[in-house]
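Asks: coords below, sequence missing:
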């Protein structure tokens, strides 16, 4: 369903990703691990064309999308939920969710998606009239994820959803992501520092180090010690 | 007492006209962060276009206003698409767009001058007559202008609040990466923004022309006033532009009453300076 | 102690980017700082170097309160720093980039000595062959060495490096680290390094500090950092970690 | 390579300068002398403006105002108090310097980017109102006429040499300034404010300095303007001179020493050719600014430099040296 071949990406002179190969099957949850600053977020940004790759190919449902502009990628069905959230601070929660359904496909199924989102995050239903700049970190994270769910995507890329959250909040966020995968059969690519949490739902994982894929493991082959070693 | 009331009314009238004039400026800045130094000429162009439709095509003035709008929209879109878009990607985009719009402004002004000549053009009043409110006389035209401006502001705020395009514009204004993530084509929105802003500005020019007088050169005066208002209220904020316009409109009419019309500008400068030092983000606080 | 902070705090709106951090750096040591993205490392640097004032707390440099000094003044006290994003004065050549540090730093005013001093720095960092190159077209490593040179040219006593080795190859990391060690040893300058790569930081630091969510998590021996339960949890996640904030 | 380049440029410069110095003696018409005087004055204005916008990256739109302050100051002192121009011109410059530093330099310390452009523009725009309000001293809207010349009986030819000398001195001063530590600080703050302050450059001090110097020099240019032309009025502050100043900097090449001078030459002498275009003059001027910004953002100086590099490279190749070595020395 989704396949990356030989992808390289750079910021100015600094090359961050080297010849990345990666694939994801339909309905799969794939986790991406690796230390900070080693290119995990850059990979998601390259896929979503927020920061397009220098070279390489990205196939999504058989279509080459490496040169497709960011707004088209969303329309094709890849939603990206950045670590930085990038909410619209002077809009209400509801307005932010509306913006998530900006593309015309998503407009049609907006009511249905909204219901699902409120079902996953009941707290947002309570806060829907509140300006996003007044939300707490955890609530803002929920809005970011919910906004990503509104765009009718078939694949979801989530960058560090648990960063800066309290344990109970983290739990809620992971539960939500699992639910999305289970009930909507969304394909999910997740970058996460909380290995244990991420591994509970992942079918497969990739380990990145210094811009390269170090190894790939299926859920039943994963050795946490091996991953930890790759961090230090 | 009567003169104070009169000043209050005239402050309100010019304030509301300034408000709609400043809107075009604040829309472009708020959404694209480009400061339009050709703003005044765009307003003048709107006035002349409406005047042309009115006199040459003998259309009713209100209809000529409506005909002018799509032309202004197209102009705004063209300016973005073929000049500003490229400049925004280069280093020092801030100032190069300023200079480009300045150059374009002077060009347009002189083209208008060539076509229409330097004589004052009379744009008709929308309604004639006047009414008495207690001891003060208010022209019906001025009342009509205030109503139009009020309606205009309501339409615009509803546009930004309710429509898909308006929401997308606000989204781009608040977070460009966020807009990218939800799939908004940012350059296209910028194009629409320039179109919309030119349209509003042209509209305001026609209204100003009907209250004051119109020569090609007057645009620079309008523009600099617009600058002060926008920066005073808060760059890029619509309520800021409205509040700034009303405050400065009042300051204008009371300065005229107390010191004479020529002191308006120095008083504005001082007010502006003081505000910049105390609250650089402006009265209402737009984007800084 | 050359640098000491007391209860340093910086809040942006509601968010505490740095929350009540107190630590000290001894004269002549290499002091490492690590922590996840957004932990507050750069904010800490910016407060110490006078780029913005702390919301509360104090900074002492050589026993002197420098909490409210602006960036150029802290520089003239003897604190130099580099930035995460390496950009030089792009219209100037390498020599002039370094000249700015020498002219306006602690050497300011002493015109006769400045030329020799710049040459000394250039020689020390081995930039001789690039002296008159434009500073724009340099490769990443040379850019960072030039920025290091400009910082050293201020005649600093404390050098603060913000992720200096991001984007380096292994060989470049090695040679940059040897420069840092040389600076400490031969110029007797105290060095603070922010770095993502824990193994490198452990290797080069005399002492280390880990911060997370704006709070101090670990301060002490680099060798023991990977044994610290809380550090491991922050970096790798864990079920029972209770240190979160922000909700 | 560098040396060769320098000598070639020096030779060109020397020849041009010699021609300019000899020109009045070769029987130039008074009108042409007048044009040259205008060129010298505008070159001074554009060069001092360039200190702010080009060298320091502070987007001022107010330098015509600085010039007018200096001009009015000197004219009033000479006309009303009968002081010698030797005193009035410097005093005019100093008045401009003090007012600008106070009303613009200090407030802009807290401002960035387009706000500075706004404030300086509004500052310059406030002056005509003040001038018309102080008719007794400034002559109001009519302005000042019959301003005393540089010295009793000074003619066009004297004005020519005085303005030429002033222009050359000012250009030399600006050249030295750019090369000095102060100039280095200006450039450092322009290129990267954070890096500059981290290396000990004081933003406060340098920004006040550049406003003061730029205003002083623009004000001095204003002094030379009034005493060679004999009159000044609020129309000096109209949009046309303002745009001409901007066009000079942009056309010639902002941020370079000779760019504004070149731009001044093109605009002053070019305006004469444009007289043929008569009413379309301003349209063309506006169009020129647009085209320059869109297609030649570095101005003519950059185009020349590219051309020069190209020629050098050719010459080298003929002499059989490696292009590689060339490129390195050009760095």
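Replies: Structure received. Treat the numbers as computed from the prediction; the structure is a model and nothing was measured. Numbers count the residues shown, from 1 in each chain, chains lettered A, B, ... in the order given.
Asks: centre of the chain to stretch B:222-234, how far?
Replies: Between the mean C-alpha point of stretch B:222-234 and the mean C-alpha point of its chain there is a distance of 9 Å (C-alpha atoms, centre = their mean, to the nearest Å).
Asks: is it positioned near chain D?
Replies: Yes: contact of stretch B:222-234 with chain D is found when judged by C-beta under 8 Å from any C-beta of the partner chain, involving B:224, B:227-228, B:231. The C-beta positions use only the backbone N, C-alpha and C, and glycine is treated the same way.
Asks: any chance of the residues you listed in a markdown table with pLDDT and distance to residue D:250 as columns?
Replies: Listed next are those as a markdown table, based on pLDDT from 0 to 100; distance: C-beta to C-beta, whole Å:
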| residue | pLDDT | distance to residue D:250 |
| --- | --- | --- |
| B:224 | 86 | 21 |
| B:227 | 88 | 21 |
| B:228 | 88 | 25 |
| B:231 | 87 | 24 |
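Asks: list only buried entries from these.
Replies: Buried members of the residues of stretch B:222-234 next to chain D, counted by 16 or more other C-beta atoms under 10 Å in any protein chain shown: B:224, B:227-228, B:231.
Asks: before we move on, what SS does the nearest residue to residue C:193 once chain neighbours are set aside have?
Replies: Leaving out its chain neighbours, the residue that sits closest to residue C:193 by C-beta to C-beta, 6 or more residues apart in numbering or on different chains is residue C:161, at 4.8 Å. Applying DSSP: H, G, I helix; E, B strand; the rest coil to residue C:161 yields a three-state assignment of strand.
Asks: contact residues of chain A facing chain C?
Replies: With C-beta under 8 Å from any C-beta as the criterion, chain A meets chain C at residues A:13-16, A:35-38, A:83, A:133, A:136-139, A:160, A:162-170, A:192-198, A:227-228, A:231-232.
Asks: among those residues, which ones are in helices?
Replies: With DSSP state H as the criterion, helices contain A:137-139, A:167-170, A:195-198, A:227-228, A:231 from among the residues of chain A next to chain C.
Asks: want to throw the residues of stretch B:222-234 next to chain D into TSV with distance to chain A and secondary structure?
Replies: Below are the residues of stretch B:222-234 next to chain D laid out as TSV (distance: C-beta to the nearest C-beta, whole Å; DSSP: H, G, I helix; E, B strand; the rest coil):
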residue	distance to chain A	secondary structure
B:224	29	helix
B:227	24	helix
B:228	24	helix
B:231	20	helix
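Asks: and which of these is nearest residue D:198?
Replies: Top of the list for closeness to residue D:198, among these and by C-beta to C-beta, is residue B:231 at 30.2 Å.
Asks: can you pull the contacts of the closest one?
Replies: By C-beta atoms under 8 Å, 6 or more residues apart in numbering or on different chains, residue B:231 lies in contact with B:244, B:272, B:276, B:282, D:115, D:118.
Asks: do that again at 10 Å, thanks
Replies: Taking C-beta atoms under 10 Å, 6 or more residues apart in numbering or on different chains, we find residue B:231 in contact with B:22, B:25-26, B:29, B:35, B:240, B:244, B:272, B:275-276, B:280-283, B:286, D:111, D:114-115, D:118-119, D:122.
Asks: only the buried subset of those residues, as a ChimeraX command please.
Replies: The following ChimeraX line selects those of the contacts of residue B:231 that are buried, judged by 16+ other C-beta under 10 Å:
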select /B:22,25,26,29,35,240,244,272,275,276,280,281,282,283,286 /D:111,114,115,118,119,122
